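> Got a sequence here, can you build the structure:
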Amino acid sequence: MGFPEIAAKAHDDPAAFWLDAAAALEWSRIPRVAHDPQSDTWFPDGEINTCHNAVDRHVMAGHGNDTALIYESPITGQARTFTFAELQERVARTAGMIAAQGVSRGDRVIIYMPMVPEAAFAMLACARLGAVHSVVFGGFAAPELAKRIDDCQPKLVLSASCGFEPGRTIAYKPLLDAALDIARHKPAATIILQREPLQADLQEGRDLDWSAAYETSGPVPCVPVASGDPLYILYTSGTTGTPKGVVRDNGGHATVLTWSMANIYGVGPGDTYWAASDIGWVVGHSYIVYGPLLAGCTSVLFEGKPVGTPDAGTFWRIIDRHRVKVLFTAPTAIRAIRRSDPDGSFIDDASLASLEVLFLAGERADPDTLLWIAGKLGKPVIDHWWQTELGWPAIATCFGLGQTEIRAGSAGHAVPGYRFRVKDDAGSDVPAGTVGNLLIEQPLPPGAFRSLWNNPERYAAGFTDFPGYYTTGDAGMIDDDGFIHIMGRTDDIINVAGHRLSTGQMEEVVANHPEVVECAVVGAADDLKGEMAVGFVVTRPGCGDLEAVHRELVAAIRGDIGAIASPRSIYFVEGLPKTRSGKILRNLLRDIVNGAEIIVPQTIEDASVIDAVREAVRPVPRDVSPGG
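Got it, this is the predicted structure:
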């Protein structure tokens with residue numbers, strides 16, 4: 001069956017559809033019930049172990065010699081490969097190491113590590129024990145790490161002595177020590193992976209050396225857990241105050257990830273799949289560690305950057321070296337590559353014969369970036385959309401189901417299992433092509449969050465504004481052909497003299513200029529019009545006539561959207577503030593232009609960019625655009 005038939009089946013009989021999907025896994029107790037509306041649990045009568053399905057199942061099926069994990073670390077010059085049999089041994093013994101510290105089913109373990117194989121082993125080992133892992137970015141600031149320790153109260157913390165960024169080494173252990181000093185909750189122990197060239201001092205009575213603890217540990221078996229039992233807690237980026245810990249279940253999560261690998265991404269056993277992300281993000285959980293392994297694929301674990309480790313050709317060389325079939329990365333990575341290699345010479349030097357498709361997610365892919373990389377690769381480039389709360393794609397072009405039509409500016413169609421609506425603020429459906437609040441009908445499909453850790457009130461708040469729907473927080477529209485367009489966060493819909501305008505639509509226009517590499521548009525408070533658009537633009541290296549670019553951008557916005565959308569200001573900057581996942585921090589830009597107090601999130605990639613943006617904004621011009 002193709003996409004229309006699969007989508008209809010998921011819509012008409014979701015219980016049968018998802019029970020069929022669940023049958024692809026090995027369950028300790030096979031579920032007979034798809035969904036319990038009382039508890040909002042998928043497969044409530046099922047028991048499963050996620051690690052067994054991601055690792056042991058493939059070994060037992062005779063695929064132990066197949067490659068499971070490829071570790072590529074151009075930032076350190078290291079590379080390692082693990083078969084499923086080797087992965088099983090490493091994970092089982094790591095689970096033994098964790099269990100030796102008293103960790104058992106339901107206990108929490110914080111993983112504060114760089115992108116090394118041991119981090120993936122640790123995640124799978126927790127799943128093996130039925131313990132709940134919470135991955136926190138290695139190098140995350142001590143106060144924010146302390147909040148997460150207090151919120152999930154781990155019995156154990158797994159960490160490393162250091163991590164690497166281009167040109168610098170980050171010591172993790174002092175940050176961890178400071179967090180443990182601040183936190184009210186005190187884990188029983190920490191286990192530290194020592195890395196060269198910076199090894200950590202260990203505190204006697206609390207800190208254990210990873211290698212020594214691992215060598216003295218034996219393998220342990222998988223522990224069956226209820227389908228609805230938590231697999232992990234993942235704290236969303238930019239959290240301030242009380243952390244927002246998204247809870248992912250076991251059964252629904254394993255089911256949808258397995259289904260998505262074949263039907264969205266078009267990969268299966270033996271294929272090499274690479275999500276160029278970080279395990280600190282939901283993409284890393286779903287599509288570096290769990291999804292590919294559940295599907296029997298080879299997964300690439302990458303420690304580096306798209307540029308600078310050592311150059312903008314890193315991605316393409318790794319694709320050729322390991323015959324990667326599907327690459328999944330963020331639009332920001334492609335923009336960085338384009339800025340460093342605007343002619344695509346590194347792409348021209350690569351074969352890329354194995355690559356069939358590039359998927360983009362993390363933030364909205366502007367059509368200019370999407371069309372540039374599609375033209376250079378000569379391959380389909382698919383934007384798709386989802387959130388940490390959802391755990392897997394909700395809007396996509398399902399490559400594995402034969403969907404081929406791609407509409408620039410749209411993330412695709414609703415993925416089977418999701419039911420989208422667009423409503424105005426009063427709760428009424430809006431006509432096709434009209435921007436409104438993007439909502440998903442309840443119940444959410446398997447794999448989506450069912451709770452927030454220790455925070456039922458905050459969880460419930462996501463469903464109260466529009467009863468019967470989950471509020472995504474994004475503004476969007478559905479066109480006449482069913483393509484869903486994400487226009488940005490609802491905060492990014494600005495009101496200019498009574499006109500509701502999408503800053504995302506303005507960004508599309510700006511990004512289409514040949515000299516623009518990256519941009520962001522935000523709303524600035526205005527005494528006369530309420531709000532006006534302000535643009536931030538990063539140009540190609542060597543772009544000289546910024547005044548001409550400025551005039552052309554203003555003219556393009558006026559011509560494509562209307563005079564009411566004329567920006568109050570356009571600032572040319574060297575870079576935009578972003579999270580480590582590549583999301584542009586538009587709220588931060590909005591606060592800067594409005595002169596509000598700046599709260600710098602701990603997930604920011606480079607805080608020094610903020611000072612440069614502030615300098616560009618001073619003084620705020622009030623009338624720089626023709627007719628503005």
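> Helix, strand or coil: sort out the residue lying closest to Val593 once chain neighbours are set aside for me.
The shortest distance from Val593 to any non-neighbouring residue, by Cβ to Cβ, 6 or more residues apart in numbering, is to Ala524 (4.4 Å). (Each C-beta comes from the backbone N, C-alpha and C, glycine too.) Taking DSSP: H, G, I helix; E, B strand; the rest coil as the rule, one finds Ala524 in the strand state.
> Report the separation between Ala394 and Ala565.
Ala394 sits 29 Å away from Ala565, going by Cβ to Cβ, to the nearest Å.
> quick one on the thing from earlier: how many neighbours does the residue nearest to Val593 have?
Residues near Ala524, counting by other Cβ atoms under 10 Å, number 21.
> now it: how far from Ala95?
Going from Ala524 to Ala95 by Cβ to Cβ gives 53 Å.
> Ignoring the adjacent residues along the chain, who's closest to Gly46?
Pro31 (3.2 Å).
> And Ala394 and Ala565? Which one has more around it.
Between Ala394 and Ala565, counting by other Cβ under 10 Å, Ala394 is the more crowded of the two (25 against 22).
> other SSEs contacting the helix or strand hosting Met477?
If you go by DSSP states H and E, Met477 is part of strand 469-478. Counting contacts by 3 or more Cβ pairs under 8 Å, 6 or more residues apart in numbering; DSSP states H and E, strand 469-478 packs against strand 420-423, strand 436-441, strand 484-489.
> What strands flank it, and is each parallel or antiparallel?
When pairing is defined by DSSP bridges, strand 469-478 lines up against strand 436-441 (antiparallel), strand 484-489 (antiparallel).
> mind giving me a markdown table with those and columns for distance to Val135?
Converted to a markdown table, the strands paired with strand 469-478 look like this (distance: least, Cβ to Cβ, whole Å):
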| stretch | distance to Val135 |
| --- | --- |
| strand 436-441 | 25 |
| strand 484-489 | 24 |
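> Would you tell me which of those strands gets closest to Asp320?
Closest to Asp320 of the strands paired with strand 469-478, according to Cβ to Cβ: strand 484-489, at 32.4 Å.
> Averaged pLDDT, the closest one. What do you get?
In this model, strand 484-489 has a mean pLDDT of 83.
> List the buried residues of the helix or strand that it is followed by.
Downstream of strand 484-489, the first helix or strand assigned by DSSP H and E is strand 493-496. If you call a residue buried by 16 or more other Cβ atoms under 10 Å, then strand 493-496 has these buried ones: Ile493, Ile494, Val496.
> who's in contact with the closest residue to the first one other than its chain neighbours?
Closest residue in space to Ile493, ignoring its immediate chain neighbours: Ala475 at 4.9 Å, by Cβ to Cβ, 6+ apart. By Cβ atoms under 8 Å, 6 or more residues apart in numbering, the contact set of Ala475 is 435-438, 486-490, 492-493, 502, 504.
> out of those, who has the most neighbours?
Most neighbours among the contacts of Ala475, by other Cβ under 10 Å: Leu438, with 27 neighbours.
> how close does that residue get to Gly488?
10 Å.
> Repeat that for Ser217.
48 Å.
> again with Trp453
Distance, Trp453 to Gly488, by Cβ to Cβ: 28 Å.
> returning to what we had before: please report the distance of the residue nearest to Val593 from Gln505.
On the measure of Cβ to Cβ, Ala524 and Gln505 end up 17 Å apart.
> likewise Ser340?
Taking Cβ to Cβ, one finds Ser340 at 28 Å from Gln505.
> Cys51 now?
To Gln505, Cys51 is 44 Å away according to Cβ to Cβ.
> Which stretches in the stretch 301-450 of the chain count as helices?
Applying DSSP state H, counting those that start in this stretch to the stretch 301-450 of the chain gives helices spanning 314-322, 331-340, 345-349, 367-377.
> If you could redo that for the stretch 151-300 of the chain, that was the one I meant.
Using DSSP H, counting those that start in this stretch, the helices of the stretch 151-300 of the chain run over 173-182, 210-215, 251-263, 282-284, 291-294.
> Serialize those helices to JSON lines and add fields for distance to Ala414, mean neighbour count and mean pLDDT.
Converted to JSON lines, these look like this (distance: least, Cβ to Cβ, whole Å; neighbours: other Cβ atoms under 10 Å; pLDDT from 0 to 100):
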{"stretch": "helix 173-182", "distance to Ala414": "41", "mean neighbour count": "18", "mean pLDDT": "96"}
{"stretch": "helix 210-215", "distance to Ala414": "44", "mean neighbour count": "16", "mean pLDDT": "98"}
{"stretch": "helix 251-263", "distance to Ala414": "13", "mean neighbour count": "27", "mean pLDDT": "98"}
{"stretch": "helix 282-284", "distance to Ala414": "19", "mean neighbour count": "24", "mean pLDDT": "95"}
{"stretch": "helix 291-294", "distance to Ala414": "20", "mean neighbour count": "28", "mean pLDDT": "98"}
